[in-house]
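Peer 1: This is the structure alone, sequence omitted:
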């Protein structure tokens, strides 16, 4: 089975500009390809995860990845998939975020000995002369055609700024620049980037008379059509300080039955034959639970390492099969300053442990019967809890948290 055939079998490919040529290049390790990452935060998240996995698969087959961080495009913001204009970031914040990205990417991509590159489009975009861009690049783009793309239609009714309108031109220029400087002949990205990617191939053709190629990756959506990687706490981050390994493991352990096989195929490096055999055996709740456990373990090992994955697997088994207690479960340590006469209210405790984002949310959860402490259901929002020993809080059916005194 060729690499391209495997990507199709895993459901990763959405659209291509020239399927036969792309298959020929990547199957024979002849692709120098790039994927762009705009530094809108100081950590990559699950939304970037599939792109990183694809880069890893491609590199393993002998192709050369270029990770492009958007120090320049990050100053503008991509309107794709957005109904509102993105928040403007300072140059200092953008630079800090770019540095954080490189550290995280190095866990997936081998940047040694020129096997992969990381470049920052701020190195060329921020020094461009505006009139030169209008003459040399702007003349290659049709406004009528740009307005026909879905990414701009979504923003049209709310008001599309001229600032955002330039994003497609900037991303296209990136591809043109990477083609010239590094021989980059292919761009990959999420399916919502299709219009921007076509702009790049067209610019290269018009300016250089050369062919370049684009392929979009299937967006990671759940069975309800919503992007995966979000929880009530926000995004699921790859940084352990922003999303703990426990929470990361539990996110994948709790995906819907309808999504587990898709996630195994798209995100893990398990042999596709092994996943398909597992899929054929999904005939009971126990089988689905096993598949989810495998998914959570494999992805936690990829992001946080095998040792951490082993810990979280042990914690999950202990918590859900052994009475809700594990030495590896998430824990909050309270100090004397957090207590009044040795007690703490249930509502501030839920906020302190970050099980609820606010007092009002905590009150609602307690009133709905969604909290137990040491196997006792909490129904009184005014309840005070004595911290004589460890408290095991259970939120809903699947979230456990230990509270202890420092």
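Peer 2: Yes, it's here. The shown structure was predicted, so the numbers you read here are calculated from the model rather than taken from an experiment.

Peer 1: quick one: low-confidence ranges for the stretch 1-150 of the chain?
Peer 2: Screening the stretch 1-150 of the chain residue by residue with the criterion pLDDT under 70, one finds the ranges 75-88, 144, 147-150.

Peer 1: Please enumerate the helices of it.
Peer 2: Using DSSP state H, counting those that start in this stretch, the helices found in the stretch 1-150 of the chain span residues 3-9, 19-27, 46-60, 91-105, 122-125, 130-136, 143-147, 150-156.

Peer 1: In terms of secondary structure, what does the first one contact?
Peer 2: Judged by 3 or more CB pairs under 8 Å, 6 or more residues apart in numbering; DSSP states H and E, helix 3-9 is in contact with helix 19-27, helix 46-60. Using the backbone N, CA and C atoms, a C-beta is placed for each residue, glycine as well.

Peer 1: Pick the most buried one from the ones you listed.
Peer 2: Mean neighbour count (mean count of other CB atoms under 10 Å) peaks for helix 46-60 among these, with a mean of 20.

Peer 1: chain center to that one: distance?
Peer 2: Distance of helix 46-60 from the chain centroid (CA atoms, centre = their mean, to the nearest Å) equals 10 Å.

Peer 1: what's in contact with it?
Peer 2: Residues lying outside helix 46-60 but in contact with it, judged by CB atoms under 8 Å, 6 or more residues apart in numbering, are 3, 6-7, 12, 26, 31, 33, 35, 37, 44, 65, 67, 105, 108-110, 115-116, 188-190, 217, 220, 227-229, 235-238, 251, 266-267, 269, 299, 302-303.

Peer 1: Now distance to residue 348 too, for the helices and strands packed on helix 3-9, in TSV please.
Peer 2: What follows is these, written out as TSV (distance: least, CB to CB, whole Å):
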stretch	distance to residue 348
helix 19-27	54
helix 46-60	30
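
Peer 1: how does this protein divide into domains?
Peer 2: Using automatic domain parsing, the domains assigned to the chain come out as 3-217, 230-321, 331-405.

Peer 1: where in the stretch 151-300 of the chain is pLDDT low?
Peer 2: By pLDDT under 70, the low-scoring segments of the stretch 151-300 of the chain are 151-160, 163-165, 232-233.

Peer 1: What segments of it are strands?
Peer 2: Per DSSP state E, counting those that start in this stretch, the stretch 151-300 of the chain has strands spanning 186-190, 213-217, 230-231, 234-235. These are given in chain order.

Peer 1: neighbours around residue 229, how many?
Peer 2: When counting by other CB atoms under 10 Å, one arrives at 19 neighbours for residue 229.

Peer 1: Now it: closest residue in space that isn't a chain neighbour?
Peer 2: Once flanking residues are discounted, residue 229 sits nearest to residue 46: 3.0 Å by CB to CB, 6 or more residues apart in numbering.

Peer 1: One more: residue 347?
Peer 2: The shortest distance from residue 347 to any non-neighbouring residue, by CB to CB, 6+ apart, is to residue 362 (4.3 Å).

Peer 1: beta partners for the residue nearest to residue 101 when sequence neighbours are not counted?
Peer 2: The shortest distance from residue 101 to any residue other than its chain neighbours is 5.5 Å, reached at residue 69 (CB to CB, 6+ apart). On the basis of DSSP bridges, residue 69 takes part in beta bridges with residue 37, residue 120.

Peer 1: burial measure for residue 69, as a count.
Peer 2: A count of nearby residues for residue 69, using other CB under 10 Å, gives 25.

Peer 1: State the distance from it to residue 380.
Peer 2: 51 Å (CB to CB, to the nearest Å).

Peer 1: How about residue 279?
Peer 2: From residue 279 over to residue 380 (counting by CB to CB), the distance is 46 Å.

Peer 1: Which one's more surrounded, those two?
Peer 2: For residue 279 versus residue 380, neighbours defined as other CB under 10 Å are more numerous around residue 279 (15 against 9).

Peer 1: Next, the contact list for the more buried one, please.
Peer 2: Listed by CB under 8 Å, 6+ apart, the contact set of residue 279 reads residue 261.

Peer 1: Tell me which residues touch the nearest residue to residue 121 once chain neighbours are set aside, please.
Peer 2: If the residues on either side of it in the chain are set aside, residue 121 comes closest to residue 72, at 4.3 Å by CB to CB, 6+ apart. Residues counted as contacts of residue 72 (CB under 8 Å, 6+ apart) are 120-126, 170.

Peer 1: Of the helices of the stretch 1-150 of the chain, which is nearest residue 246?
Peer 2: Nearest to residue 246 among the helices of the stretch 1-150 of the chain is helix 46-60; the distance by CB to CB comes to 15.5 Å.

Peer 1: Tell me the secondary structure of the closest residue to residue 367 other than its chain neighbours, please.
Peer 2: Here the nearest residue to residue 367 in space, its sequence neighbours aside, is residue 381; by CB to CB, 6+ apart that works out to 6.4 Å. Following DSSP: H, G, I helix; E, B strand; the rest coil, we place residue 381 in the coil state.

Peer 1: and residue 381, what are its phi and psi?
Peer 2: Here is the backbone geometry of residue 381 (degrees, to the nearest 10): phi -60, psi -20.

Peer 1: Share the number of residues neighbouring it, please.
Peer 2: Using other CB under 10 Å as the criterion, the residues surrounding residue 381 number 16.

Peer 1: got it, and residue 369?
Peer 2: By other CB under 10 Å, the residues close to residue 369 number 10.

Peer 1: and the gap between it and residue 245?
Peer 2: Distance from residue 369 to residue 245, by CB to CB: 30 Å.

Peer 1: try residue 13
Peer 2: Here residue 13 is placed at a distance of 31 Å from residue 245 (CB to CB).

Peer 1: Ok, residue 381 next?
Peer 2: Distance check for residue 381 against residue 245: by CB to CB, it reads 32 Å.
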